[in-house]
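Colleague: Provided below for reference: sequence and predicted model.
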Amino acid sequence: QLQLVESGGGLVQPGGSLRLSCAVSGFTLDYYAIGWFRQAPGKEREGVSCISSHYSTTYYTDSVKGRFTVTRDNAQNTVYLQMNSLKPEDTAVYYCAASFLGCSGYVLEDEYDYWGQGTQVTVSS
């Protein structure tokens, strides 16, 4: 069964950090780029970051550059999103997704083949 499972979300104060994990099963992570999306209440889902399959090239949307870092551990079939200096506007449900096409269109939901169920991140004092 093909599956992506996010974990690591929670409540954090502004300026704090969280590390999200995306554990994959049922397919080989090596051949897939993994993207991270988020959806805040009342807003459309947006692409946040992506890490490519072969060279682990990373991509970030402007609002998270310098604060978020995406990494992958193919041996553990897991991708991580380290989020630092969190802001209230980072509050959202965060999703990971797998794309066989790579990261070139990483903000486009149609580029992805498989999706996780999401994990809630709330940044509030």
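Modeller: Received the coordinates, thanks.
Colleague: what is the host helix or strand of Gln82 packed up against?
Modeller: Element membership for Gln82 (DSSP states H and E) is strand 78-83. Judged by 3 or more C-beta pairs under 8 Å, 6 or more residues apart in numbering; DSSP states H and E, the packing partners of strand 78-83 are strand 18-25, strand 46-51, strand 68-73, strand 92-99. In this view, the C-beta of every residue, glycine as well, is placed from N, C-alpha and C.
Colleague: just give me the residue right at the centre of this structure.
Modeller: Most central in the chain under C-alpha atoms, centre = their mean is Trp36, positioned 2.5 Å from the mean C-alpha point.
Colleague: against Pro14, how distant is it?
Modeller: The gap separating Trp36 from Pro14 is 20 Å, by C-beta to C-beta, to the nearest Å.
Colleague: now Leu4
Modeller: For Leu4 relative to Pro14 (C-beta to C-beta), the value is 28 Å.
Colleague: more neighbours: which of the two?
Modeller: In this view Leu4 and Pro14 are compared by other C-beta atoms under 10 Å, and Leu4 has more residues nearby, 24 against 13.
Colleague: which residues sit in contact with the residue nearest to Ala92 when sequence neighbours are not counted?
Modeller: Among residues not flanking Ala92 along the chain, Arg38 sits closest, at 3.7 Å (C-beta to C-beta, 6 or more residues apart in numbering). By C-beta atoms under 8 Å, 6 or more residues apart in numbering, Arg38 lies in contact with 45-46, 48, 90, 92-95, 121.
Colleague: okay if I get the residues you listed as TSV plus neighbour count and distance to Tyr60?
Modeller: Listed next are the contacts of Arg38 as TSV, based on neighbours: other C-beta atoms under 10 Å; distance: C-beta to C-beta, whole Å:
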residue	neighbour count	distance to Tyr60
Arg45	15	16
Glu46	15	12
Val48	25	7
Asp90	22	13
Ala92	22	15
Val93	18	19
Tyr94	23	14
Tyr95	24	16
Val121	23	16
